[in-house]
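Enquirer: What shape does this take:
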Amino acid sequence: MELLFSDQEITALIEERKVLPDNWSSKLKKRMNRGSNEYLLNITGEEGNKFRVIVRMSVSDELNFSVVLGVKVPPPKKVFRLKRYNGNHEHFNTIEDEMISGFHIHTATERYQVNSVREEDYAEPTQRYTDVNGALKCLFADANFEDPNALQDTLF
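Expert: Okay, the predicted model is just below:
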């Protein structure tokens, strides 16, 4: 895979201020995607970058979810995944040759862009959340969204 962003550029994109629009939860676009409910929210960052928040939840397993922050890039890629907050399952970090279990957070890196299928394939275990709403709150806090406490506990 071709390198799209350096680690410094990835950090700058994650740290770019992102203001949630008024009534942002009502602007989530819902669609079905292979046995999952998927919700999309597009946001323009303070520096003009176009971000997309994607929330995917299995219809059969509430602990099988992903909360993703991506930035829009030119085709063919379309969305570069900066962060991904996953539910409770195992993940294998291929470069480090390590298995992690439970809830985990993926982050895009230069190394994984060059040496893996997905830019955000590197993950670290976390105990910061136990459900999809907690994962979304963590994303908002970690990625400099204005007023991350605006999320209601019962959104999903």
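Enquirer: Please settle this for me: is residue 139 part of a helix?
Expert: Yes: Residue 139: assigned to a helix according to DSSP: H, G, I helix; E, B strand; the rest coil.
Enquirer: now the helix or strand containing residue 12: how far from the chain's centre is it?
Expert: Per DSSP states H and E: residue 12 is located in helix 7-15. Centre-to-centre, helix 7-15 and its host chain are 14 Å apart (CA atoms, centre = their mean, to the nearest Å).
Enquirer: helices or strands up against that helix?
Expert: Under the contact definition 3 or more CB pairs under 8 Å, 6 or more residues apart in numbering; DSSP states H and E, helix 7-15 sits against strand 79-86. Every C-beta, even on glycine, is put in place using the N, C-alpha and C of the backbone.
Enquirer: May I have the strands that pair with the strand it packs on, each with its orientation?
Expert: strand 65-72 (antiparallel), strand 104-107 (antiparallel) (DSSP bridges).
Enquirer: Same list, those strands, but as a markdown table with mean pLDDT please.
Expert: Output for the strands paired with strand 79-86, formatted as a markdown table (pLDDT from 0 to 100):
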| stretch | mean pLDDT |
| --- | --- |
| strand 65-72 | 97 |
| strand 104-107 | 98 |
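Enquirer: In TSV, list these along with mean neighbour count and distance to residue 116.
Expert: TSV is the format used below for the strands paired with strand 79-86 (neighbours: other CB atoms under 10 Å; distance: least, CB to CB, whole Å):
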stretch	mean neighbour count	distance to residue 116
strand 65-72	22	16
strand 104-107	21	11
